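A.B. asks: what's the 3D shape of this:
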Amino acid sequence: MIKNGFTLIELLFVLAIVSIIILISPTLKGASLKNIQDQQFLTVLQSDVLYLQNLSTTTEDNVRITFSNNSYTLKKGEADILNRYYPDGITVNTRENNNIKFKVSGTIVNRKTIVIKTNQSTYHLVFPLGKGRMNIVEV
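C.D. replies: As a prediction, this is how the structure comes out:
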């Protein structure tokens, strides 16, 4: 007799493997989604810093970023320009000074390193001496 198909045990074995893969895949996607969300937050923060640096060169007002426990605020003088909230799982440690101020030339007033911790990693926002740019370094 010639066999042209699979046995019931072989089919159940394959279905068990496929169901395990399906059960594992949402957790993998969730971790990947959180990593993308963290990267997006860092990109937006970097663009906000660049925006304020450019704004400081065109205005006489005091331009700064103020960090709080769950958000940061872009300020021009005493007026709030924008308020952005941190995603879940992100903490920002500004090391006692929660303001980043910019000179008229676009450089930062007090050089500092800001520590951002996510669930996956830790990042340092570094403002190099003599430059107006900010670097994000994964630790």
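A.B. asks: which parts of this structure are helices?
C.D. replies: With DSSP state H, the ranges of helices along the chain come out as 8-56.
A.B. asks: what stretches of it score poorly on pLDDT?
C.D. replies: Within the chain, the segments meeting pLDDT under 70 span 1-3, 27-28, 30, 129-132.
A.B. asks: can we see that at 90?
C.D. replies: Where the chain drops to pLDDT under 90, the residues are 1-10, 22-39, 46, 49-50, 52-64, 68-69, 77-78, 87-114, 118-121, 125-139.
A.B. asks: what's around the spatially closest residue to residue 62 that is not a sequence neighbour, how many residues?
C.D. replies: Leaving aside its chain neighbours, residue 62 sits nearest to residue 77 (5.8 Å; criterion: CB to CB, 6 or more residues apart in numbering). Yep, even glycine has a C-beta here, placed from its N, CA and C like the rest. For residue 77, the count of nearby residues is 12 (other CB atoms under 10 Å).
A.B. asks: residue 77 and residue 56 touch, don't they?
C.D. replies: No. Counting by CB atoms under 8 Å, residue 77 does not reach residue 56; the two are 11.6 Å apart.
A.B. asks: quick one: end-to-end length of stretch 76-90, please.
C.D. replies: Chord length of stretch 76-90, first to last residue, is 25 Å (CA to CA, to the nearest Å).
A.B. asks: ok, the nearest residue in space to residue 139 that is not next to it in sequence - contacts?
C.D. replies: Once flanking residues are discounted, residue 139 sits nearest to residue 122: 4.6 Å by CB to CB, 6+ apart. Listed by CB atoms under 8 Å, 6 or more residues apart in numbering, the contact set of residue 122 reads 115, 116, 138, 139.
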